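Enquirer: prediction below, plus the sequence it came from.
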Amino acid sequence: MSELELVAPPGAQLARLAATLGARVAAKEGAERELELRFYDTFDGRLRRAGLVLAHVREAGAGGSPGRLVLCARPGSEVLMAAADQAVAGGAGVAAGADPGAGAAGLAVVPAVAPQGPMFARDLPAGRLRDRLATVSSPRALLGLAEVRAHVLELSLRDRLEKTIARGALVSAQPAGQSPGSPAAALRLRLHLRALRGYEAELVALRGSLEALSLTAAGEPLVDEAARAAGRAPEGVSSAISVALLATQRSDAAAVAVLRRLGEVVQANRAGAIAALDPEFLHDLRVALRRTRTVLKQLRGVFDPQALAHFREEFRWLAGQTSAARDLEVQLAEWEALAALAGERWRADLEPVAEVLARRRELALRACGRALGGERARRLAFEFGELLDGLVAQDESRRPDAARAIGALAGERIRSVYGRMRRRGGQITLSSPATDYHELRKQGKELRYLLELFGRPLFGADAVREPIGVLKDLQDVLGRHQDREAQIALLASLAGELARMPGGPAALMACGVLIERLHEDELAARREFAERFAPFAGGRIRALIREGLR
Amino acid sequence: MSQVLATYNIKGGVGKTSAAVNLAVLAARGGARTLLWDLDPQAAATYLFRVKPRLRGGSRKLVRLRSEVHALIKETDYAGLDLLPADFSYRHLDLALDSVKKPTRRLARVLEPLADEYAYIFLDCPPSISLVSESVFEAADALLVPIIPATLSARTFAQLSQLIEQGRLAQVLVLAFFSMLDVRKSLHREVMARLRAEHPRELLGAAIPTADEVERMGETRTSVAEIAPGGRAALAYEALWWDVRRRLAATSTVSGGRSPRPLPRRGA
């Protein structure tokens, strides 16, 4: 064991504990500092899942000092240590060492002013910190998780030869903005110790002495405790849907459970999508809306037809309000790859196109934000919640599937959608209109959602793994076909605006070349379609869906 | 890839350990991950770093590659500087090397797993001409040879040059420097001048003066930079370290001689 993280009983005082440690385990006091810490993670806790801690650290009252961004492995005590200062002073601003996240107490540090809003890895100075963060967090924004003011007393433990065997710190922290000394505000007094290399056994031997001082293992690191104190979940907010279902459960109750969870995802991502913090908020919200619409359509027999028609229309409206913004975000995110299709010769000429797309995206994001935050969307959320609350108790005379076992109903719907896809896909040829491919793709999404939302929990992951895998391959080529169609239409729609811009004529010509390339790729996707559709429609998947989901 | 620097002289008491310790501390302070391997059974460097002179399995297991070298390393109190300690079993290091195949390659093999972890590895060598020293010559990129500017020391340097020539160890860069220099002594000044004229390539410009703070290292068990920061000895070691690095860099750009790869920087 090379690290110990212990907490003192509530009410413990730093100075008294330091003195006790000095007397009992020969702890020697070092630098004492007041730090302002701001911890960051993505909305869905990607850094935490990767075993990383990211914090901006600044000496309190340090005047113009910008502080530094520190990235290290969990539990993250390095953010508190003076070693971070050395890493900035001694290196070229970024210390390369053991890779943070690889289990070693490595550090990556850059001098930086505390970001005031969301931060992206791509905006940080080039170096290890940016590279590591980008791998883990992109394309998500790094959002403030918790702010803490910490009084840090560095300690070192020595053996009888006066050799340092462990270094660490006593940390007395409280959420920023709380008045010092307020008992309700303070986080637990912590002792962090890291054994020097080669002295792990000595640290283990000391543990008993430390525990005799009523120090107990910290159940969580400072970053997690601070996040909870700030009212946030340290693990982040997941948009995964994993609702436990019983095959014998009433179908309307099963639908309510799944739709409630989908509603939670929509609400969780709403604020971030309105503020356009990062593209994933809108993406996750739209996926949740599509899944909601699939459940309403495929399990329509558990709803009153009149209510169903209303809510299907409202969700259709809401999804429609988000389409343009999402499409433009995706186009811009993939712009470099898209422009590269036209060839190097035309890249520079395509710059005005990127400008137009960016302008349109900003407008679309604002419109999307207004819709999501508007009265109609709020009313939809409220009324749909009320519908779900009362659904199971509703009269069943107009809800023929309400009391049916969800196992039977879900299997039936999956088989039905699959059968329609086989028939539709079997009629698609190279010369079929684009809408045929698009309709098949829409059905593919419905099938996938049914398999994920109902198939997996009802029949087990093994039963749906292969069908989902083969469906994904088919959806990839259908998606590529649809994307190229949409991109061609979008570029064509820019003609008028481009013509009026500086560099417009050249941009139009370059667009023409790009559209030609996109068209070629669309044809290529059509040619690949048959190869991807065959295993999907083939005997094995057919048998798995017909027999395995009952 | 590590650069291996061995402080070596056939004579004892010339400042090898002081140089190894002070240069290693400077290297680590400059941001380079550094290891010092104490090869002397006296374990003087081990003592200076306050580490117990005890090696699990002893030197025999280590050179037989039956000990995992990473597990034997101790972190010193200096950030970025680690120690592979010596213990009394090192008095039989020659015998241990003699019992293995290709003994003169063996120390290099022990260091191989560490090549990507450290920018610099210092070897503090015992005063001897032996299998240990031959193995050091094969493992090292450079020999740092402290010479007290007196007649007998000069003779020792000549013997060393001959030894290296005979061993056809042309890849080892020999960097000698004057140690324990007392400029008040005319003999020191005369020997210095003569040896600089005779060995302009091997002798570095920096020289370590005789200084109270160097002698007090054994009392305080710290480097000279802590005993007397900005003192003559501390400044001299800084100049020496600068000189060594300059010569290493120059060697790497000239064909022949080991070419060091870009040095890994120290993490915290």
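Expert: Structure received. Values in this document were obtained by computation on a predicted structure and should not be read as measured data. Numbers count the residues shown, from 1 in each chain, chains lettered A, B, ... in the order given.
Enquirer: what's the longest helix that chain B contains in contact with?
Expert: As assigned by DSSP state H, the longest helix anywhere in chain B is helix B:232-252. The contact list for helix B:232-252 (CB atoms under 8 Å, 6 or more residues apart in numbering or on different chains) reads B:3, B:5, B:19, B:22-23, B:26-27, B:141-142, B:144, B:173, B:175, B:177, B:204-209, B:211, B:213-214, B:224-225, B:227-228, B:257-260. Every C-beta, even on glycine, is put in place using the N, C-alpha and C of the backbone.
Enquirer: in it, what counts as buried?
Expert: The neighbour-count check on helix B:232-252 (16 or more other CB atoms under 10 Å in any protein chain shown) flags B:232-241, B:243-245, B:247-248, B:251 as buried.
Enquirer: where's residue A:153, which helix or strand?
Expert: Residue A:153 belongs to strand A:143-158 when assigned by DSSP states H and E.
Enquirer: could you point out the helix or strand that follows that strand?
Expert: Next element after strand A:143-158 (DSSP H and E): strand A:164-175.
Enquirer: so which elements touch the helix or strand immediately after that next one in the chain?
Expert: The helix or strand immediately downstream of strand A:164-175 is strand A:190-195, counting by DSSP H and E. Counting contacts by 3 or more CB pairs under 8 Å, 6 or more residues apart in numbering or on different chains; DSSP states H and E, strand A:190-195 is packed against strand A:3-7, strand A:143-158, strand A:164-175, helix A:200-211.
Enquirer: which strands border strand A:190-195, and is each parallel or antiparallel?
Expert: Here strand A:190-195 has these sheet partners by DSSP bridges: strand A:3-7 (antiparallel), strand A:164-175 (antiparallel).
Enquirer: most tightly surrounded among the ones you listed?
Expert: Most buried of those, by mean neighbour count (mean count of other CB atoms under 10 Å in any protein chain shown): strand A:164-175, with a mean of 23.
Enquirer: give me the mean pLDDT for that one.
Expert: What strand A:164-175 shows for mean pLDDT is 93.
Enquirer: would you map the strands across the chain?
Expert: In the absence of a named chain, chain A is used. Per DSSP state E, chain A carries strands over the ranges A:3-7, A:27-41, A:52-59, A:68-73, A:107-111, A:143-158, A:164-175, A:190-195, A:216-217.
Enquirer: wait, chain B was what I had in mind.
Expert: Under DSSP E, chain B gives strands at B:3-7, B:34-38, B:74-75, B:81-84, B:120-124, B:142-147, B:173-181, B:203-209.
Enquirer: closest one to residue A:269 among the ones you listed?
Expert: Residue A:269 lies closest to strand B:74-75 among the strands of chain B, at 45.9 Å (CB to CB).
Enquirer: contact partners of the closest one?
Expert: Contacts of strand B:74-75 (CB under 8 Å, 6+ apart): A:196-199, B:49, B:51, B:81-85.
Enquirer: that one pairs with which strands, and in what direction?
Expert: By DSSP bridges, strand B:74-75 pairs with strand B:81-84 (antiparallel).
Enquirer: show me what the partner strand is in contact with.
Expert: Outside strand B:81-84, the residues touching it (CB under 8 Å, 6+ apart) are A:197-198, B:24-25, B:27-28, B:33-38, B:45-46, B:49, B:51, B:69, B:72-76, B:118.
Enquirer: go on, stretch A:252-260?
Expert: A:241, A:243, A:245, A:292, A:295-296, A:299, A:302-303, A:384, A:388, A:391-392, A:394, A:399, A:401-403, A:406, A:410, A:453-454.
Enquirer: of these, just the buried ones, ChimeraX syntax please.
Expert: The ChimeraX selection below is limited to those of the contacts of stretch A:252-260 classed as buried (16+ other CB under 10 Å):
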select /A:241,243,245,292,295,296,299,302,303,384,388,391,392,394,399,401,402,406,410,453,454
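Enquirer: quick one: contacts for residue A:321?
Expert: Residue A:321 touches A:367-368, A:371-372, A:377, counting by CB under 8 Å, 6+ apart.
Enquirer: one step back: quick one, which of the helices and strands packed on strand A:190-195 is nearest to residue B:10?
Expert: That would be strand A:164-175 among the helices and strands packed on strand A:190-195, by CB to CB, at 35.1 Å.
Enquirer: starting at the chain centroid, how far to the closest one?
Expert: A distance of 32 Å separates the centroid of the chain from that of strand A:164-175, by CA atoms, centre = their mean, to the nearest Å.
Enquirer: now, which of the buried residues of helix B:232-252 sits nearest residue A:316?
Expert: Among the buried residues of helix B:232-252, and counting by CB to CB, the member closest to residue A:316 is residue B:245, at 70.3 Å.
Enquirer: tell me the spacing between that closest one and residue A:354.
Expert: 48 Å (CB to CB, to the nearest Å).
Enquirer: now the helices for chain B?
Expert: Counting by DSSP H, the helices of chain B are B:16-29, B:44-48, B:58-63, B:69-72, B:93-98, B:106-111, B:131-139, B:151-166, B:186-198, B:212-215, B:217-220, B:224-227, B:232-252.
Enquirer: what sits up against the third one?
Expert: Read that as helix B:58-63. Under CB under 8 Å, 6+ apart, the answer for helix B:58-63 is B:55, B:67, B:69, B:72, B:86-87, B:89-90, B:92-93, B:96-97, B:99-100, B:106-107, B:110.
Enquirer: ok so, going back, any chance of the strands of chain B in CSV, plus mean neighbour count and mean pLDDT?
Expert: Below are these laid out as CSV (neighbours: other CB atoms under 10 Å in any protein chain shown; pLDDT from 0 to 100):
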stretch, mean neighbour count, mean pLDDT
strand B:3-7, 27, 96
strand B:34-38, 29, 97
strand B:74-75, 20, 96
strand B:81-84, 26, 97
strand B:120-124, 27, 97
strand B:142-147, 25, 94
strand B:173-181, 22, 93
strand B:203-209, 19, 93
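Enquirer: out of those, which comes closest to residue A:449?
Expert: Among the strands of chain B, strand B:74-75 comes nearest to residue A:449, with 54.0 Å by CB to CB.
Enquirer: pLDDT weak spots in the stretch 1-150 of chain B?
Expert: Scanning the stretch 1-150 of chain B for pLDDT under 70 picks out nothing.
Enquirer: what residues does it put near chain A?
Expert: Contacts of the stretch 1-150 of chain B with chain A, taken as CB under 8 Å from any CB of the partner chain, map to B:29-31, B:33, B:49-52, B:72-77, B:79, B:82.
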